[in-house]
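Visitor: give me the fold of what follows.
(one chain, ligands or ions: 2)
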Amino acid sequence: MSGAAALHQVQMEPKEYKSEVSVVWCPGCGHHGILNGLYRALAEAGIDPTKLVNISGIGCSSRTPYFIKSYKMHTLHGRAGAVATGVQMARPDLAVVVTGGDGDGFAIGGGHMPHMARKNVNMTYVLFDNGIYGLTKGQYSPTSRPEMKGYTTPYGGPEDPMNPLMYMLTYGATYVAQAFAGKPKLCAELIKGALEHKGFAYVNIFSQCPSFNYLDTVEFYRDLVFEIPADHDPTDMTKAIALARRPNGKAPIGLLYTENKPTLDERVAEFVTRVGGGPDYDINKIINLSRP
Ligand code: SF4
Ligand code: MG
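Guide: Residues are numbered from 1 along each chain as shown. Ligands and ions are numbered 1, 2, ... in the order given. Got it, this is the predicted structure:
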């Protein structure tokens with residue numbers, strides 16, 4: 001995981017991870033279920049709050065760090081992943097968790113997502129996927145369905161939504177899972193797995209926005225999802241992709257894929273040792289290597 005020093009360090013109840021800040025989301029918002037899943041996952045993984053950094057961008061879900069006992073950074077729109085990468089590289093002993101939305105992650109922040117995955121940055125990314133920009137009151141997002149009539153698409157949209165799972169699998173994320181806010185126990189289980197995973201762990205969670213997304217209701221999601229069969233082998237990329245492509249139009253929930261490979265911080269440490277002569281490396285030695 002990101003920051004083994006933060007894992008299984010404390011015994012706390014889920015409610016003890018609640019901060020002093022009141023949760024301000026609308027009644028009925030799916031994000032409440034995800035937050036409950038997060039509290040449970042942190043408790044079950046025994047994460048020490050003094051070694052936890054929760055980073056976000058902008059959006060309703062990006063308010064999450066305020067509600068969790070942790071160090072936190074509320075960064076620019078779409079930049080949470082880039083900031084989190086820097087934090088993780090500087091302090092690999094900490095647990096780094098990004099919480100954010102579909103617009104923040106895949107539109108404004110879309111340039112960062114493939115690189116966190118391909119570099120295998122050792123962090124957990126929980127994406128609250130409600131198919132809309134909620135904070136700015138209902139614009140079409142990268143995961144909106146074409147039928148969505150929002151402020152920016154009063155007649156619906158001409159585009160198909162992106163598939164976050166396909167995206168993460170093909171760019172090399174080493175833990176890819178999906179859940180639904182209406183199943184907080186499954187959210188907790190998958191986030192716990194992400195926290196314990198060493199490498200870039202991505203959890204996509206469907207979350208209803210009853211204030212602005214009138215299409216993707218709780219009932220819609222309940223009908224959309226199916227639990228990944230127990231005999232699925234999560235080390236089989238071909239089978240993971242087949243699930244991510246939504247067989248029969250249904251979206252899988254559960255763990256699709258996991259793989260062990262060196263993380264970016266491990267590879268940089270190895271590089272510095274090999275090329276620069278160890279932790280007290282000489283930067284001039286590295287620079288001189290590139291000179292003819
Ligand atoms: Fe949740 Fe939507 Fe309200 Fe934002 S606007 S808090 S996403 S219901
Ligand atoms: Mg959204």
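
Visitor: who's in contact with the nearest residue to Pro161 once chain neighbours are set aside?
Guide: Closest residue to Pro161 apart from its sequence neighbours, by C-beta to C-beta, 6 or more residues apart in numbering: Thr143 at 4.7 Å. To be clear about C-beta, it is placed using only N, CA and C from the backbone, and glycine gets the same treatment. Contact analysis of Thr143 by C-beta atoms under 8 Å, 6 or more residues apart in numbering lists 102, 106, 129, 131, 161-162, 164.

Visitor: tell me which of the residues you listed fall in strands.
Guide: Counted as lying in strands by DSSP state E, out of the contacts of Thr143, are Asp129.

Visitor: the contacts of Thr143: which ones sit near ligand 2?
Guide: Among those, the residues within reach of ligand 2 (C-beta under 5 Å from the ion) are Asp102.

Visitor: now rank the contacts of Thr143 by neighbours and give me the top one.
Guide: Neighbour counts for these peak at Asp129, which has 30 neighbours (criterion: other C-beta atoms under 10 Å).

Visitor: isn't it right up against Met162?
Guide: No - counting by C-beta atoms under 8 Å, Asp129 stays clear of Met162, with 10.3 Å between them.

Visitor: those residues of the stretch 101-250 of the chain touching ligand 2, which are they?
Guide: 101-102, 130.

Visitor: thought Thr263 was touching Asn120?
Guide: Yes - under the contact definition of C-beta under 8 Å, Thr263 touches Asn120, with a separation of 5.1 Å.

Visitor: what touches both of the two?
Guide: Residues touching both Thr263 and Asn120 (C-beta under 8 Å, 6+ apart): 199-200.

Visitor: so which residue of the chain comes closest to ligand 2?
Guide: Closest contact between the chain and ligand 2, by C-beta to the ion, is at Gly101 (3.6 Å).

Visitor: can you point out the buried residues in stretch 26-33?
Guide: Buried residues in stretch 26-33, counted by 16 or more other C-beta atoms under 10 Å: 29-33.

Visitor: so what pLDDT did Gln9 get?
Guide: Confidence at Gln9, expressed as pLDDT, is 88.

Visitor: likewise Ala269?
Guide: Per-residue pLDDT puts Ala269 at 87.

Visitor: show me where the protein has strands.
Guide: 52-56, 71-74, 95-101, 123-129, 175-180, 200-206, 225-227, 251-258.

Visitor: same list (these) but as a markdown table, adding mean pLDDT and distance to ligand 1.
Guide: Conversion of the strands of the chain to a markdown table gives the following (pLDDT from 0 to 100; distance: least, C-beta to the nearest ligand atom, whole Å):
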| stretch | mean pLDDT | distance to ligand 1 |
| --- | --- | --- |
| strand 52-56 | 98 | 14 |
| strand 71-74 | 97 | 16 |
| strand 95-101 | 98 | 8 |
| strand 123-129 | 98 | 8 |
| strand 175-180 | 98 | 15 |
| strand 200-206 | 98 | 12 |
| strand 225-227 | 98 | 19 |
| strand 251-258 | 98 | 19 |
